[in-house]
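Novice: prediction below, plus the sequence it came from.
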Amino acid sequence: MSVRRLRHVTHVLAELFSDEVTRAARSRGESADLELRERRRAQNVRVALERLGPFYIKLGQMLSTRPDIVPPSMIGELEKLHDHVSPAPFSTFEPVLEAELGPGWKEQFQHVDIFEPLGTASLAQVYAVTMRDGRQGVVKVQRPGIRSQVLDDMRMMRRAARLVGRCAPRLNAVVDLDAMLGVLFDAMRPELDFTIEAGNMDAARAAIADFRTLSVPEVLLATPRVLIQALAPGQSIRQARRDEFTERERMAIGEDLLAFTYRGFFINRMFHADPHPGNIFVQPGGQASLIDWGMVGRLDRRTSMRIMLVLLNLAENDGHGLAKAWVDLGYATPWANVDAFAADMAALTPKIAAASLEELNFGVTLTAVLQQSTKRGIKTNPMISVLGKAFGNIEGSVRCLAPELSITSVFEKQMAGIMIDLAGEFFSTTHVAKTTMEMMLGADTALEQARAITRDLSNREFRVNVTEGGHRSRERSPLLSRAMLAAGAAALWRYHQNRRE
């Protein structure tokens, strides 16, 4: 990584450490307010992460969903992390536009509002534009040099995580910092290449087509460092006034936002990983537009289904079922206390089932399960960090417009459609082909097992043991176990052959 960047990171962290040491020395021997000291420490950490830039901001946002790693005094402060910086002059970004779109880039627009950007962040800046055909749009321009900086930060943080893993193997066995960072890196990479973000938007627009109240802006042009898209109408859902919407509108938008999130988790297995209120625009009588698809989470089929089982047990108020599903999602370490974790979940689930968003912060409650699972020695799937962040954000966004919605009720409504889609996937040509290939490979294994049985029988490696006291018992030798396995595989293969004939 660049020496300049390393010096900056070291300088910020050294200032943070020095300030903490100074404050501790001053408070020694004084009856200082412990709560006030912890609050100031949390504020200093947040400010340091903001100074370090986009990667550390995203890391802090993810850590805000991990109460098993971060103390309660820090959670609230990390939740305030926003990727906003003071706007840079347009002249900073003009060379990027020229490099990506060519010297005549201005000819693609009727007008570009270069004086007041619509949005500023440490990764990019956004400007309002009018296209040549009169359509209103926005142009998102990446900050010069930011890609290499973020990649340097990722490499440095990964080395640090591996060092921590070696120094604290017991903690790492439960938390797996390196895997958690890997999930964050995968989610962030599209923010470093706008052509990937544009692909995410196209995929999301196809997935959202069935939701009457939702939309994703159209991509007009994309290069690695410049993204031009249609303007999302309305205003941030945080700024929206509920009394300007009918109750039917509010509830429909809220239900669709939650339902789209569920389908992203369990059907499409691609979801918006940062759907905070600033990334959802609404207007009375119109649709809710989801913008900023740079940070996207992706799930494999098995993980997705296990997470669905977790939510099903929450909806059914089944604490013991939740505990089992959570353990299956990760794994129990040799020192885990699974029974105690099941008791923890049995106490937690009654507080969640059927509660509305006004009564419950579901995203925080879901991630709070981490606190107990880590305490009981259960390793959690690293995807939970991104899922928790996404779910906490969408919950907060929906609360702005329809706080009376019940998360679990919406989930139960969606279950029928989700299960139908999953059943169709199970009986798809691809899945049937996969099962068939496994059977054919099993047939090859059966033939090898049969040859081994023949060799073993010719060598008479088959024995029956008789125990003392007159009680006869057959001890199944490795040969017999292998014979039974081979016979079963052979029978399955023969059945498959008969069907084909």
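Specialist: The structure has been received and is ready for your questions.
Novice: what is the burial count for M295?
Specialist: As a burial measure, M295 scores 25 neighbours (other C-beta atoms under 10 Å). C-betas here are computed from N, CA, C, even on glycine.
Novice: nope, T92 is what I was after
Specialist: Other residues close to T92 by other C-beta under 10 Å number 13.
Novice: give me the nearest residue to it, chain neighbours excluded.
Specialist: P144 (6.8 Å; C-beta to C-beta, 6 or more residues apart in numbering).
Novice: tell me the secondary structure at the one you found.
Specialist: coil (DSSP: H, G, I helix; E, B strand; the rest coil).
Novice: do the same with P217
Specialist: coil.
Novice: do you know how far the residue nearest to T92 is from P95?
Specialist: Between P144 and P95 the distance is 7 Å, computed by C-beta to C-beta, to the nearest Å.
Novice: ditto for A323
Specialist: 56 Å.
Novice: more crowded one of the two?
Specialist: A323 (28 against 11).
Novice: helix, strand or coil: sort out the more buried one for me.
Specialist: helix.
Novice: that one against A336, yeah?
Specialist: No: contact criterion C-beta atoms under 8 Å: A323 and A336 do not qualify, at 11.0 Å.
Novice: flag the shaky bits of the stretch 401-501 of the chain, pLDDT-wise.
Specialist: The model of the stretch 401-501 of the chain has pLDDT under 70 over residues 431-432, 442-444, 446-447, 449-451, 453-501.
Novice: now for the one helix or strand S148 maps to, which elements pack on it?
Specialist: Using DSSP states H and E, S148 maps to helix 146-167. Using 3 or more C-beta pairs under 8 Å, 6 or more residues apart in numbering; DSSP states H and E as the contact test, the elements touching helix 146-167 are helix 3-27, helix 54-63, helix 169-175, helix 177-188.
Novice: among those helices, which is nearest Y127?
Specialist: Taking C-beta to C-beta, helix 54-63 is the member of the helices and strands packed on helix 146-167 nearest to Y127, at 18.9 Å.
Novice: can you give me how far the closest one is from the chain middle?
Specialist: Relative to its chain's centre, helix 54-63 lies at 13 Å (C-alpha atoms, centre = their mean, to the nearest Å).
Novice: so what's V386 up against?
Specialist: M62, V183, L184, A187, A273, G297 (C-beta atoms under 8 Å, 6 or more residues apart in numbering).
Novice: what of Q142?
Specialist: Taking C-beta under 8 Å, 6+ apart as the test, what Q142 contacts is V96, L123, A124, L192, F194, P224, R225, V226.
Novice: what helix or strand is the residue nearest the centre of the chain on?
Specialist: With distances taken as C-alpha atoms, centre = their mean, V386 lies nearest the centre of the chain, 2.5 Å away. Using DSSP H and E, V386 maps to helix 383-401.
Novice: kindly export that helix (C-alpha atoms) in CSV.
Specialist: Extracted as CSV, the C-alpha positions of helix 383-401 are listed here (Å, rounded to 0.1, in the frame of the first residue of the first chain):
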residue,chain,number,x,y,z
MET,A,383,-23.1,-13.2,6.1
ILE,A,384,-25.2,-12.3,9.2
SER,A,385,-23.3,-9.0,9.5
VAL,A,386,-24.3,-7.8,6.1
LEU,A,387,-27.8,-9.2,6.5
GLY,A,388,-28.3,-7.6,9.8
LYS,A,389,-27.1,-4.2,8.4
ALA,A,390,-29.5,-4.6,5.5
PHE,A,391,-32.5,-5.6,7.6
GLY,A,392,-31.8,-3.0,10.2
ASN,A,393,-31.7,-0.3,7.5
ILE,A,394,-34.9,-1.4,5.7
GLU,A,395,-36.7,-1.6,9.0
GLY,A,396,-35.7,1.9,9.8
SER,A,397,-36.8,3.2,6.4
VAL,A,398,-40.2,1.5,6.6
ARG,A,399,-40.6,2.8,10.1
CYS,A,400,-40.4,6.4,8.7
LEU,A,401,-43.6,5.8,6.7
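Novice: compute the inter-axis angle for the helix or strand that comes right after that helix and helix 383-401.
Specialist: Toward the C-terminus, helix 383-401 is succeeded by helix 407-426 as the next helix or strand (DSSP H and E). Orientation check (axes from the mean of the first three to the mean of the last three C-alpha atoms, to 10 degrees): helix 407-426 against helix 383-401 gives 130 degrees.
Novice: other SSEs contacting helix 407-426?
Specialist: helix 247-263, helix 301-315.
Novice: got the buried residues for the longest one?
Specialist: By neighbour count, with 16 or more other C-beta atoms under 10 Å as the criterion, the buried positions of helix 247-263 are 249-263.
Novice: over to stretch 320-334?
Specialist: Within stretch 320-334, the residues that count as buried by 16+ other C-beta under 10 Å are G321, L322, A323, K324, A325, W326, V327, L329, G330, A332.
Novice: ok, for the third one, nearest residue in space, not its chain neighbours?
Specialist: It refers to A323. A342 (3.9 Å).
Novice: residues contacting I75?
Specialist: I75 touches S64, P67, counting by C-beta under 8 Å, 6+ apart.
Novice: for it, phi and psi?
Specialist: phi -60, psi -50 (degrees, to the nearest 10).
Novice: use 402 as the first number from now on
Specialist: Sure thing, new numbering starts at 402, so read that last one as I476.
Novice: okay, now the nearest residue to W506 once chain neighbours are set aside: neighbour count?
Specialist: Leaving out its chain neighbours, the residue that sits closest to W506 by C-beta to C-beta, 6+ apart is L498, at 4.8 Å. Neighbour count of L498, defined by other C-beta under 10 Å: 21.
Novice: give the next helix or strand downstream of the strand or helix carrying L498.
Specialist: According to DSSP H and E, L498 maps onto helix 495-502. Using DSSP H and E, the helix or strand that follows helix 495-502 in sequence is strand 510-513.
Novice: who does that following strand touch, helix- and strand-wise?
Specialist: Against strand 510-513 (3+ C-beta pairs under 8 Å, 6+ apart) you get strand 525-532.
Novice: got the angle between the strand it packs on and helix 495-502?
Specialist: Using the same axes, to 10 degrees, strand 525-532 lies at 60 degrees relative to helix 495-502.
Novice: now strand 525-532: buried residues?
Specialist: A525, Q526, V527, Y528, A529, V530, M532.
Novice: quick one on the thing from earlier: what does the helix holding L498 rub up against?
Specialist: W506, Q509, V540, V542, Q543, P545, L622, T624, P625, R626, V627.
Novice: same question for stretch 821-833.
Specialist: Under C-beta under 8 Å, 6+ apart, the answer for stretch 821-833 is F667, I668, R702, M706.
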